[in-house]
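Chemist: Sequence and predicted model, in that order:
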There are 2 protein chains.
Amino acid sequence: MFKPLDPLLHSELRLAVVSLLISTEEAEFPYIREQTGATAGNLSVQIDKLSAAGYIEVEKTFKGRKPCTLCRITPAGVKAFEEYVEALKSYLKVKTK
Amino acid sequence: MFKPLDPLLHSELRLAVVSLLISTEEAEFPYIREQTGATAGNLSVQIDKLSAAGYIEVEKTFKGRKPCTLCRITPAGVKAFEEYVEALKSYLKVKTK
DNA sequence: GTAGAGAAGTTTATAATATAAACCAAATTA
DNA sequence: TAATTTGGTTTATATTATAAACTTCTCTAC
């Protein structure tokens, strides 16, 4: 009846990050921080988790002399997101059974 | 950009319970347990939280001589669920901006 | 009638998670 | 060159989810 929800995506901040990356293809750390309103610490931790799971790729480059952390969604991340949305529907569409 | 998600509903089991109650109007504890696959302990805790928040009503009756815990969604619960779904959309519809 | 099994939950202990505070290093500005 | 800002990471804490252990009652079976 209710499909299990990927615990990695069932987190407000991580879901926002993945959602954002799906729409933008890639984004820099400060931009993600701004869009999600998260603290840098929290964001850093959640990005690590998504990266460890292979849902996103993190590339540390430079922008001139400043460090620049670039995040990109992976195919696995897209798939996980789609499955999560699909699973969510089992919780949301109950009325229209 | 991303709307905050009611933490009380952003929980797999509690969301399942509320979702179930919205579709069935009222349900007994063992039935909810069966439908959600939760352990009795976990379900009891989560039902308490939903009840404390006023999202559901819990009535302890009897069925013959056996105790029977009946749960019912409240208007506040319906409203919270609808708002949660609305907020969720900000995370899911990014592609179609 | 009482010993054991089962149903219906509740309480409590533990494990996992989210979150921010504290910290670090480099670069820019005063 | 001292202070401030930028761009993060690490670590400590507080919250949450979850299941294990326990309680109470009922129903059989002896």
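Modeler: Right, received. Where do you want to start? Residues are numbered from 1 along each chain as shown, chains lettered A, B, ... in the order given.
Chemist: ok, stretch A:73-85 near chain B or not?
Modeler: Yes. If you take C-beta under 8 Å from any C-beta of the partner chain as the test, stretch A:73-85 does meet chain B, through A:Val85. In this view, the C-beta of every residue, glycine as well, is placed from N, C-alpha and C.
Chemist: quick one: the strands in chain A?
Modeler: A:26-28, A:56-63, A:66-73 (DSSP state E).
Chemist: I'd like those strands as TSV, with mean pLDDT appended.
Modeler: Formatted as TSV, the strands of chain A follow (pLDDT from 0 to 100):
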stretch	mean pLDDT
strand A:26-28	96
strand A:56-63	95
strand A:66-73	95
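Chemist: Let me have those in JSON lines, adding mean neighbour count and distance to DNA strand C as columns.
Modeler: Formatted as JSON lines, the strands of chain A follow (neighbours: other C-beta atoms under 10 Å in any protein chain shown; distance: least, C-beta to the nearest atom of the strand, whole Å):
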{"stretch": "strand A:26-28", "mean neighbour count": "16", "distance to DNA strand C": "16"}
{"stretch": "strand A:56-63", "mean neighbour count": "12", "distance to DNA strand C": "8"}
{"stretch": "strand A:66-73", "mean neighbour count": "15", "distance to DNA strand C": "6"}
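Chemist: which bits of chain A sit near DNA strand D?
Modeler: A:28-30, A:40-41, A:43-45, A:47-48, A:60, A:63, A:66-69 (C-beta under 7 Å from any atom of the strand).
Chemist: can you list the residues that contact the helix ranked longest in chain A?
Modeler: Taking DSSP state H as the criterion, chain A has its longest helix at helix A:75-92. Helix A:75-92 is contacted from outside by A:1-6, A:8-10, A:15, A:18-19, A:21-22, A:50, A:53-56, A:73, B:15-16, B:19, B:85, B:88, B:92, using C-beta atoms under 8 Å, 6 or more residues apart in numbering or on different chains.
Chemist: Going through the residues you listed, which ones are buried?
Modeler: A:2, A:5-6, A:8-10, A:15, A:18-19, A:21-22, A:50, A:53, A:55-56, A:73, B:15-16, B:19, B:85, B:88, B:92 (16 or more other C-beta atoms under 10 Å in any protein chain shown).
Chemist: in chain A, which residue is closest to the centre?
Modeler: In chain A, the residue lying closest to the centroid (C-alpha atoms, centre = their mean) is A:Val18, at 2.1 Å.
Chemist: farthest pair in the residues of chain A next to DNA strand D?
Modeler: Farthest-apart pair in those is A:Val45 and A:Lys63; separation 23.0 Å (C-beta to C-beta).
Chemist: on that earlier part again, ok, now how distant is the closest residue to the residue nearest to the centre of chain A other than its chain neighbours from B:Thr74?
Modeler: With C-beta to C-beta, 6 or more residues apart in numbering or on different chains as the criterion, A:Val18 has its nearest non-adjacent residue at 5.4 Å, and that residue is A:Phe81. Going from A:Phe81 to B:Thr74 by C-beta to C-beta, to the nearest Å gives 33 Å.
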